[in-house]
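A.B. asks: With the sequence up front, the predicted model follows.
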Amino acid sequence: MKLKGYQPAYHGDVMDYVQTKELLTFTGKPQDAIAISATTPTHHSIVVYEENRLVCFFVLDEGVSKQQYTSENAAFVLRSFSTDARYLRLGYAKKALLLLPDFVRDQFPEIKTIVLGVNQKNLPAQALYEKVGFVANGRVIVGPKGPQKVMMYRL
């Protein structure tokens, strides 16, 4: 499995990325995130490939909006994490998240913490984040899709 910064060469795969209505209840579309990344240098779209198939997508955001999650400057907010609906429950999300700390250390050595907001109703995602080492910090914020539990991973 490989985590890679988005490049235009991946456009066709992103356009073929499948998200069900249920999945979109909790996360955004990769196409929308990529459009933001194109004009916002602090918004890094990341594609996750397994054997030449785009299986997961997420954003690492170091912009000012991270202040609602953490007061740390050397932090990323993990946003828009999703798995292509065709590859759900095959372990790709967990594997991608386990690779994330080393990817960040290698590509962004100044970053010391990854934070995220997970919808309080999305219990499977909360369990997944806990399994890979994210810890709830006791904060809840109101996100665009409802209340979110804030979780952190220290690098």
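C.D. replies: That came through, no problem. All figures in this text were calculated on a predicted structure; none of them were measured in a lab. Numbering: from 1, shown residues only.
A.B. asks: Would you mind extracting the C-alpha trace of stretch 85-97 into PDB?
C.D. replies: Extracted as PDB, the C-alpha positions of stretch 85-97 are listed here (Å, rounded to 0.1, in the frame of the first residue of the first chain):
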ATOM      1  CA  ALA A  85     -17.300   1.700  -1.300                       C
ATOM      2  CA  ARG A  86     -16.100  -1.200  -3.400                       C
ATOM      3  CA  TYR A  87     -13.200  -1.800  -0.900                       C
ATOM      4  CA  LEU A  88     -15.000  -1.400   2.400                       C
ATOM      5  CA  ARG A  89     -14.300  -3.900   5.200                       C
ATOM      6  CA  LEU A  90     -11.200  -5.300   3.600                       C
ATOM      7  CA  GLY A  91      -8.700  -3.600   6.000                       C
ATOM      8  CA  TYR A  92      -7.600  -0.800   3.700                       C
ATOM      9  CA  ALA A  93      -8.600   2.000   6.000                       C
ATOM     10  CA  LYS A  94      -6.800   0.500   9.000                       C
ATOM     11  CA  LYS A  95      -3.700  -0.200   7.000                       C
ATOM     12  CA  ALA A  96      -3.700   3.400   5.600                       C
ATOM     13  CA  LEU A  97      -4.000   4.800   9.100                       C
END
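A.B. asks: contact partners of that stretch?
C.D. replies: 1, 3, 18-20, 23, 48, 50, 53, 55-56, 58, 81, 83, 128-129, 131-132 (C-beta atoms under 8 Å, 6 or more residues apart in numbering). From N, CA and C alone the C-beta is placed, and that goes for glycine too.
A.B. asks: switch to 10 Å and redo it
C.D. replies: 1-3, 16-20, 22-23, 46, 48-50, 53-58, 78, 81-84, 98, 103, 114, 124-125, 128-129, 131-134, 153 (C-beta atoms under 10 Å, 6 or more residues apart in numbering).
A.B. asks: Show me which helix runs longest in this protein.
C.D. replies: Using DSSP state H, we find that the single longest helix of the chain is helix 92-107.
A.B. asks: now the angle between helix 92-107 and the helix or strand following that one, please.
C.D. replies: Downstream of helix 92-107, the next assigned helix or strand under DSSP states H and E is strand 113-119. Using axes from the mean of the first three to the mean of the last three C-alpha atoms, to 10 degrees, one finds that strand 113-119 and helix 92-107 are set 150 degrees apart in direction.
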